[in-house]
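**Student:** Pasting a predicted model and its sequence here:
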Amino acid sequence: MMKKLKAVVPATTANLGAGFDTFGLALSLYNEFEVEEHDGVVIETVPENPFLEKPENNLFVQVLKYMCEKRRKTFYGAKVKQISNIPVARGLGSSATAIVAGILISAAVSKTELTDELFFETAYRFEPHPDNLLPAWKGGFTTALLSEGKTYYQKIPFPEDIKAVVAVPDFELSTEKARSVLPEKIPLKDGIFNVQRASLFLTALINRRYDLLKIAMEDRFHQPYRKKLIPGFDDVLKEAYNGGALGVSLSGAGPSVVALSVENHQEIGERMVYAFRRNGVQSSFMVLDVDTEGAKVEILE
Ligand SMILES: Nc1ncnc2c1ncn2[C@@H]1O[C@H](COP(=O)(O)OP(=O)(O)O)[C@@H](O)[C@H]1O
Ligand SMILES: N[C@@H](CCOP(=O)(O)O)C(=O)O
């Protein structure tokens, strides 16, 4: 009989400007997924989310079912309590937390070694890009790519004195919608623009050259197209820099905006919220640490 288990998975901010679909950073904000065997699926959500209480809508349950059937076992059901501290469809990787939790819980229950291959083969069936999935699993700052069915990735130390100030608008923007506005092709000069900046971002982190993060977090792959969906985006970035931020970008596919800083976190957050408000968008902000450890599973009883 399966014991009662709990997975705790960090939020993630992906892209960090130029690192589109590759850079990801885990943050100290967590979704929790408690689960035990049960005949049929029962889902409790805190705060209440009727959409996610339907098994067919809930990625955590869908992953449990997939992993069970992948082992040629019948999925009889589960009793789930999901505590969502991460706002949904805001660019903080909430979907990735559900997928990662489902994979880790399934591996724990079946006592299956969780190889990279098993993790990514399963995860990509639910989310086709690794930049949230990987840091949600492993923690910290990661870069990743998928080539011919294999995921290549690295995790590097992230400066411990940098925090993330995240301004979260009160409207949802699904990743699917935010990806739908991206162009099929981009000019060569824009490709060069992003490669140069993504490279500079990595080396600036390694060398602690925080003065270079502003230019390193500029982007031409996705932000120019997505900002049309996010009123006040440019104004929010400007105000974050006025408050002393080191580097500012869209968080994942948005609409949240993330500002990296070693100081003035409260002022930066207030300035970002003020800038959103004067563009007609209500928002709030959080000051978050980098999570360096990633997802955890514990036995509750
Ligand atoms: N268990 C779950 N927890 C959170 N989101 C979930 C879950 N299952 C499905 N989803 C769906 O994932 C979507 C959010 O994913 P996405 O659009 O990628 O935004 P983000 O990852 O920034 O939250 C929402 O439509 C949400 O309903
Ligand atoms: N690279 C992806 C990242 C999506 O992150 P999310 O937190 O918004 O799901 C993209 O920009 O589409």
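**Tutor:** Yep, that arrived. Since the structure is predicted, the reported quantities are computational estimates derived from the model, not experimental observations. Numbers count the residues shown, from 1 in each chain. Ligands and ions are numbered 1, 2, ... in the order given.
**Student:** which residues touch stretch 185-194?
**Tutor:** Contact with stretch 185-194 is made by Ala18, Phe20, Glu218, Asp219, Arg220, Phe221, as judged by CB atoms under 8 Å, 6 or more residues apart in numbering. (Glycine included, C-beta is placed from N, CA and C.)
**Student:** By neighbours, which of those residues wins?
**Tutor:** Ala18 (26 neighbours; other CB atoms under 10 Å).
**Student:** would you say that residue is within a strand?
**Tutor:** No: assigned with DSSP: H, G, I helix; E, B strand; the rest coil, Ala18 falls outside any strand and is coil.
**Student:** quick revisit: so which of the contacts of stretch 185-194 comes closest to ligand 1?
**Tutor:** Phe20 (14.7 Å; CB to the nearest ligand atom).
**Student:** Verify the stated contact: the closest one with Arg220.
**Tutor:** No: Phe20 is beyond contact range of Arg220, at 9.5 Å (criterion: CB atoms under 8 Å).
**Student:** how about the helices in the chain?
**Tutor:** 59-70, 94-109, 116-123, 130-138, 175-180, 188-206, 213-216, 223-226, 233-242, 265-277 (DSSP state H).
**Student:** which parts of the longest strand along the chain are buried?
**Tutor:** The longest strand of the chain (DSSP state E) is strand 24-37. Buried residues in strand 24-37, counting neighbours by 16 or more other CB atoms under 10 Å, are found at Gly24, Leu25, Ala26, Leu27, Leu29, Tyr30, Asn31, Glu32, Phe33, Glu34, Val35, Glu36.
**Student:** near ligand 1, which residues of the stretch 151-300 of the chain show up?
**Tutor:** Counting by CB under 6 Å from any ligand atom, the residues of the stretch 151-300 of the chain close to ligand 1 are Ser174, Thr175, Gly252.
**Student:** er, the stretch 1-150 of the chain actually
**Tutor:** Counting by CB under 6 Å from any ligand atom, the stretch 1-150 of the chain sits next to ligand 1 at 51-52, 57-60, 82, 88-96, 98.
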